[in-house]
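Engineer: coords below, sequence missing:
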């Protein structure tokens, strides 16, 4: 079952866990500006609730990312029926690139930057 979780749920689990760090909603009341989480719009960024979510998500990421990375390589090595096999170092590099792209997208790109990239492409 661990293979199924890693292979199918890799990108959805990464994006869901990284959502705890994503403060995209900006609310201005008078001259005071506050930010809220994009998926949990009632949670103010910097509050105790968000700090708890960030701690739990960070712990889950620190366990899930190495597990997922090495399980992808192990699945390929253990499956004898595969016609094409990637070198383990390439598979590790590919996984690291996917993780990096997800982190950059979730933490550093806001909606206007995403729209600019879409318009550019």
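Structural biologist: All right, it came through fine. Small disclaimer: the values here were computed from a predicted structure and weren't measured. Residues are numbered from 1 along each chain as shown.
Engineer: name the element residue 76 belongs to?
Structural biologist: Residue 76 is located in helix 48-78, with elements delineated by DSSP states H and E.
Engineer: now do that helix, average pLDDT.
Structural biologist: Averaged across helix 48-78, the pLDDT comes to 81.
Engineer: and the helix or strand that that helix is followed by, what does it pack onto?
Structural biologist: Remark: after helix 48-78, the chain's next helix or strand is helix 88-108, criterion DSSP H and E. Helix 88-108 is packed against helix 2-18, helix 48-78, with contacts defined by 3 or more CB pairs under 8 Å, 6 or more residues apart in numbering; DSSP states H and E. Backbone N, C-alpha and C define where each C-beta goes, glycine included.
Engineer: tell me the buried residues in helix 88-108?
Structural biologist: Under the neighbour-count criterion of 16 or more other CB atoms under 10 Å, helix 88-108 has 91, 95, 98-99, 102, 106 buried.
Engineer: next: stretch 74-83.
Structural biologist: Within stretch 74-83, the residues scored as buried using 16+ other CB under 10 Å are residue 75.
Engineer: now do the end-to-end distance for that stretch.
Structural biologist: Between the opening and closing residues of stretch 74-83 there is a gap of 16 Å (CA to CA, to the nearest Å).
Engineer: related to what we said a few turns ago, and the angle from the helix holding residue 76 to helix 88-108?
Structural biologist: 160 degrees (axes from the mean of the first three to the mean of the last three CA atoms, to 10 degrees).
Engineer: does residue 53 touch residue 18 like I think?
Structural biologist: No. Using CB atoms under 8 Å as the test, residue 53 is too far from residue 18 to be in contact (11.1 Å).
Engineer: where is pLDDT lowest across the buried residues of helix 88-108?
Structural biologist: residue 106 (66).
Engineer: residues contacting the closest residue to residue 77 other than its chain neighbours?
Structural biologist: Spatial nearest neighbour of residue 77, excluding adjacent residues (CB to CB, 6 or more residues apart in numbering): residue 88 at 7.2 Å. Listed by CB atoms under 8 Å, 6 or more residues apart in numbering, the contact set of residue 88 reads 73, 76-77.
Engineer: fine, thanks again, bye for now.
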